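[1] Return atomic coordinates for the entry below.
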Amino acid sequence: LISWCTPARINSELGSVGKVLESKLDSLVSDAMTGDAETRKIALEKIAALDLHRDEHDTSDEELESARKRADALREQITSLERHLDRSRKHLGFDSASLRETLNCALQLQQVAPLREVRNPDGSTAWALPPLESKPGKGDWAETLDTLRKPPEDGERDRQWRSEAPIRPLVFDPPAHLDETRVHVHLEHRIVKRLLGRFLAQGFVHHDLSRTCLGSSRDEHTRVVLLGRVALYGRGAARLHEEVLCVSARWTDPATRSRLAVEGVDATKATLQWLQETLGGSASTLSAPVPEDLRRRLHAAIPRDLDELRGHLQQRGITAADEATKALDVRGSAEAKLMYETLDETRKRIIKKKADTDHQQQSFAPEDRDEQRTLELHRRYWKTWLSNVEADLDYEPNRVKNFYRVASTRIEPLGIVYLVGARAAGAR
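    Next comes the predicted model:
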């Protein structure tokens, strides 16, 4: 007991409550260590029966209450973050299976095999990449694939290291335990960004629509959906905003119609939901056969359907671009203001610090020379920084604001989808 009741141990285990006990324990421990047998016995009994006075009880109660409040605030913060995470997942519509299938599509465009399922030593599932670096004409993948290898101990990323450090398999869900046998990939991982970059970097290589899709829908009517994209660019082709557009209409044979009637916002949302179900493979009618005659008629109708829907896609793209431009202007102004306030606040702090040290006497003591040298270096830097900050206060906020100014807008179709309804036989 005597060896346990040291001031350092008390402070470590009990915090401020320990400080209250420490004054009493000092004398008792001293008696227990230096007194005779009877004195030690009495001191140990007092230590065992030691109690706090009322004010000391208050101190411990305040500390416990403070700890409880911190725990409650932490629980509230965790709950709030979980709500934000759930809202983000719903907004993005992101799931690991969709990301894996998208990467397989990107690998198919690279003309290589898809991801291969493998088993980790603990029995969990991982996915192995095909040999990208050995494909001629596919670009240099060495540096990108290096992010999937175990980092070198000496920092040298050379041929020998690549031969000894194999490419680790991928996992798309956070593993329960962190280890170096696999790599958790996400939307911002370098390998993912490069594979998905082909989808983001271009719309169409050719001047015609070459992406079509045919699926089944639980709706009784057949619908046509034209998907498009609006992209806003700033200076130097910096991508500022990108948004997927959708125009849908109930489809009828061109031989019996005048023009397609574009659906409103609510009907378009319902059509998009059916489209997501179809692409996700969850629609109950996904496996329903589409009559061959209807397939031929839909294929023949693509040019006219595209021509009739393209104007509506363009108009919705202009509206979306205008709204995005306004939002970018607001963001640019907010960040420019923040930049000005940050520079101005820093300028004020440096001026005050410089004034506080202007009349500081120089010490000739050897132990103070390093501190004096550091202060002199700081003062030289402050002088240079202050001589430039006036220009920065004008230039930097404008630079930030100009970054968000839209220089060009591009609206383009991405693909056309036909959702065949239950009344597919007549498609009317």
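[2] Shouldn't residue 176 be within a strand?
    No: using DSSP: H, G, I helix; E, B strand; the rest coil, the assignment for residue 176 is coil, not a strand.
[3] Could you measure from it over to residue 370?
    With distances taken as CB to CB, to the nearest Å, residue 176 is found 49 Å from residue 370. C-beta here means a position set from N, CA and C on the backbone, and glycine is covered the same way.
[4] Spell out the residue ranges of the helices in the stretch 1-150 of the chain.
    Assignment of helices within the stretch 1-150 of the chain using DSSP state H, counting those that start in this stretch yields the ranges 7-14, 16-34, 37-48, 54-92, 96-109, 142-146.
[5] What mean pLDDT does the shortest one get?
    This means helix 142-146. Rounded to a whole number, the mean pLDDT of helix 142-146 is 85.
[6] still on that earlier bit, which of the helices of the stretch 1-150 of the chain comes out lowest on mean pLDDT?
    By mean pLDDT, the lowest-scoring of the helices of the stretch 1-150 of the chain turns out to be helix 7-14, with a mean of 49.
[7] who are the neighbours in contact with residue 241?
    Residue 241 makes contact with 230-232, 324, 327-328, according to CB atoms under 8 Å, 6 or more residues apart in numbering.
[8] Helices along the stretch 301-428 of the chain, start to end?
    With DSSP H, counting those that start in this stretch as the criterion, the stretch 301-428 of the chain has helices spanning 369-403.
[9] now swap in the stretch 151-300 of the chain and tell me
    Ranges of helices within the stretch 151-300 of the chain are 159-164, 190-201, 265-280, 292-358, based on DSSP H, counting those that start in this stretch.
[10] Residue 387 is nearest to which of the ones you listed?
    Proximity to residue 387 (CB to CB) singles out helix 292-358 among the helices of the stretch 151-300 of the chain, at 11.2 Å.
[11] where does this protein have its least confident helix or strand?
    helix 7-14 (a mean of 49; mean pLDDT, DSSP states H and E).
[12] looking at the helices of the stretch 151-300 of the chain, which is closest to residue 255?
    Short answer: helix 292-358, nearest of the helices of the stretch 151-300 of the chain by CB to CB, at 8.6 Å.
[13] Between helix 369-403 and the closest one, find me the angle.
    If you take axes from the mean of the first three to the mean of the last three CA atoms, to 10 degrees, helix 292-358 sits at 140 degrees to helix 369-403.
[14] Return the list of helices and strands in contact with helix 292-358.
    Helices and strands touching helix 292-358, by 3 or more CB pairs under 8 Å, 6 or more residues apart in numbering; DSSP states H and E, are strand 212-216, strand 223-233, strand 239-250, helix 369-403, strand 408-420.
[15] got the angle for the fourth one vs strand 239-250?
    Interaxial angle, helix 369-403 versus strand 239-250 (the same axes, to 10 degrees): 40 degrees.
[16] buried stuff in helix 369-403?
    Neighbour-count burial for helix 369-403, counted by 16 or more other CB atoms under 10 Å, picks out 379, 382, 389, 392, 396-397, 400-401, 403.
[17] and which of the residues you listed is nearest to residue 189?
    Top of the list for closeness to residue 189, among the buried residues of helix 369-403 and by CB to CB, is residue 403 at 25.6 Å.
[18] how far away is the nearest residue to the closest one once chain neighbours are set aside from residue 399?
    If you skip the residues right next to it in sequence, residue 403 has residue 234 as its closest partner in space, 6.0 Å away by CB to CB, 6 or more residues apart in numbering. Residue 234 sits at a distance of 12 Å from residue 399 (criterion: CB to CB).
[19] Ok, residue 43 next?
    According to CB to CB, residue 43 stands 72 Å off from residue 399.
[20] picking that back up, show me what contacts the residue nearest to residue 403?
    Remark: with contacts taken as CB under 8 Å, 6+ apart, residue 234 is in contact with 240, 403-407.
[21] CSV please, covering those and showing pLDDT and distance to residue 120.
    As requested, the contacts of residue 234 are exported to CSV (pLDDT from 0 to 100; distance: CB to CB, whole Å):
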residue, pLDDT, distance to residue 120
240, 93, 41
403, 94, 44
404, 94, 44
405, 95, 49
406, 94, 47
407, 93, 48
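[22] need the helices and strands packed on helix 292-358 in a markdown table with distance to residue 84, can you?
    Below are the helices and strands packed on helix 292-358 laid out as a markdown table (distance: least, CB to CB, whole Å):
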| stretch | distance to residue 84 |
| --- | --- |
| strand 212-216 | 33 |
| strand 223-233 | 26 |
| strand 239-250 | 22 |
| helix 369-403 | 26 |
| strand 408-420 | 30 |
